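>>> coords please:
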Amino acid sequence: MGKIQYEIIENIAKITTKYDEIQVNLMKWGSNPAKYDIRKWSFDGEPLKGFTLSEDELLELYRELKWNLDDSEDEDLLDDELPFPIDDEESEEPREEEIDFRKFVIHSDMSSCNRKGHDCEEINARIYVFSSSAGMQEYVIDAYYCEDCKAYYISESVYNALKQKGNLMCQVFTPQSFEEYKKESNYGANFLPEGILHIAGYNVGQADNLSADERRKILEYIMESGLLKKNEILFRLNEFIKSKESIPNMELAVSKWKADRDWLRGYSSAGKRLVGIKYIIAD
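Down below sits the predicted model:
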C-alpha cells in the first residue's frame, strides 16, 4: 500500500528541535479538503505524528491556549484573531450586538449548527458580570448568532473566564436543558419579574449573604437595563414580604426586603442604560 499523497499549500510556522521539526501548515492529504496540520517532521522531510484541524477547531484551540497562557487577565477578554491569517480575503469587523434577557444565548461550540448547515454570523456581544469586590463590570466578547436557532453562542473558555470574574447577569443553560426548555409552553415568553430578579443574582439568603449595597447595585442594574421598572420591583418586594413575614425564621429575609423596598422608593434613575445577556447555554 503506497503512502498517502499530500500537498503543503502554505507553511505557517516552524519550530526546530534537537531531533525534528514541528510545523503548522495548511495542507491537503490525499483528495481531502485542505486543513490546518500540526505535526512533527523529520529533518529529511518525512511527516511524523500529528493531527489536522478545521478553521473553527483551530480558532477554538487558539482561544483555549490564550486563556490558559495569557498572564494579563484584564486585556481583551476574547480576542479570536490568530497570530497568522487563515485566508487571503479581507474580513469585515463583526457587528456589535447588545444582548439582554429577552434573547437566547447558548454556551457551546458551533458544531451542531455547522452540521445542520445553519446560517451563523460572528458578532461582538456585551455582557455584564457582577461581583462583590468589583461591582458591575462590562465585557465585550466574541460570540456567534445563529439565524436558524434565533440564539447566540459563546465558547466554553469565555464562559468559564466570565464565571471566575463574578455572577453573569443572565440565565445559563446546558444544550440539553435548552432543548427541554424549548418544549415548554411558555418558551419565548418574557420572564416573570421574580425570575429576572433571581437570574440577575438578587437574593436575601444567608448562603450568598449579599450586603445591602450589593443587593441594590443588582436592583439598579435591573432597572437601568430596562429589564424591570421600579414599580414592578416594588410590587414583587411587597409580595415577598406579605408571603413570608408571618413565617418563623424568615425575620432576617423580610427585614432585608423591607430595607431594599424603602431604598427603592427613594431611588431616582440617572438615565443611563446597561444591557446584559438573557440566556447562556453551557456545555
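>>> need the helices for the stretch 1-150 of the chain, in chain order.
55-69, 111-116 (DSSP state H, counting those that start in this stretch).
>>> Could you check the pLDDT of residue 165?
With respect to pLDDT, residue 165 scores 85.
>>> for it, what are its contacts?
Applying C-beta atoms under 8 Å, 6 or more residues apart in numbering to residue 165 gives the contacts 129, 131, 134, 137, 139. To be clear about C-beta, it is placed using only N, CA and C from the backbone, and glycine gets the same treatment.
>>> likewise residue 240?
253-254, 257.
>>> Most neighbours out of those residues, which is it?
Highest neighbour count within the contacts of residue 240: residue 257, with 22 neighbours (other C-beta atoms under 10 Å).
>>> Just the element for residue 243, please.
helix 230-244 (DSSP states H and E).
>>> how about low-confidence regions in the stretch 151-283 of the chain?
For the stretch 151-283 of the chain, applying pLDDT under 70 flags the ranges 171-172, 184-194, 269-283.
>>> Could I get the full set of strands for it?
151-154, 167-168, 171-173, 279-281 (DSSP state E, counting those that start in this stretch).
>>> in its sheet, what does the second one sit against?
In this case it means strand 167-168. Here strand 167-168 has these sheet partners by DSSP bridges: strand 120-131 (antiparallel).
>>> quick one: the partner strand to helix 55-69, angle?
20 degrees (axes from the mean of the first three to the mean of the last three C-alpha atoms, to 10 degrees).
>>> Convert strand 120-131 to PDB, retaining C-alpha atoms only.
The C-alpha coordinates for strand 120-131 follow below in PDB (Å, rounded to 0.1, in the frame of the first residue of the first chain):
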ATOM      1  CA  CYS A 120     -24.400  31.800  11.500                       C
ATOM      2  CA  GLU A 121     -22.700  35.200  11.900                       C
ATOM      3  CA  GLU A 122     -19.800  36.200  14.000                       C
ATOM      4  CA  ILE A 123     -20.600  39.200  16.300                       C
ATOM      5  CA  ASN A 124     -19.200  41.200  19.300                       C
ATOM      6  CA  ALA A 125     -21.500  40.900  22.300                       C
ATOM      7  CA  ARG A 126     -21.800  42.900  25.500                       C
ATOM      8  CA  ILE A 127     -22.300  41.200  28.800                       C
ATOM      9  CA  TYR A 128     -22.300  42.400  32.400                       C
ATOM     10  CA  VAL A 129     -20.800  40.500  35.300                       C
ATOM     11  CA  PHE A 130     -21.400  41.400  39.000                       C
ATOM     12  CA  SER A 131     -19.000  40.600  41.900                       C
END
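>>> Same question for that strand: list its buried residues.
Buried residues in strand 120-131, defined by neighbour count with 16 or more other C-beta atoms under 10 Å: 120, 122-123, 125-130.
>>> now swap in stretch 211-226 and tell me
Neighbour-count burial for stretch 211-226 flags 214-225 (criterion: 16+ other C-beta under 10 Å).
>>> Which single one of the buried residues of strand 120-131 is nearest to residue 114?
Using C-beta to C-beta, residue 120 comes nearest to residue 114 of the buried residues of strand 120-131, at 7.6 Å.
>>> quick one: contacts for residue 47?
Counting by C-beta under 8 Å, 6+ apart, residue 47 makes contact with 6, 39-41.
>>> Can you name the two of those residues that sit furthest apart?
6 and 40 (14.5 Å).
>>> Okay, residue 41 and residue 8: tell me how far apart.
Here the criterion is C-beta to C-beta, to the nearest Å. By it, residue 41 lies 10 Å from residue 8.
>>> joint contacts of the two?
Counting by C-beta under 8 Å, 6+ apart, residue 41 and residue 8 have no contacts in common.
>>> More neighbours: those two, which one.
residue 41 (16 against 13).
>>> Can you tell me how far the residue lying closest to that one once chain neighbours are set aside is from residue 15?
With sequence-adjacent residues excluded and distances taken as C-beta to C-beta, 6 or more residues apart in numbering, residue 41 is closest to residue 21, at 4.7 Å. The gap separating residue 21 from residue 15 is 7 Å, by C-beta to C-beta.
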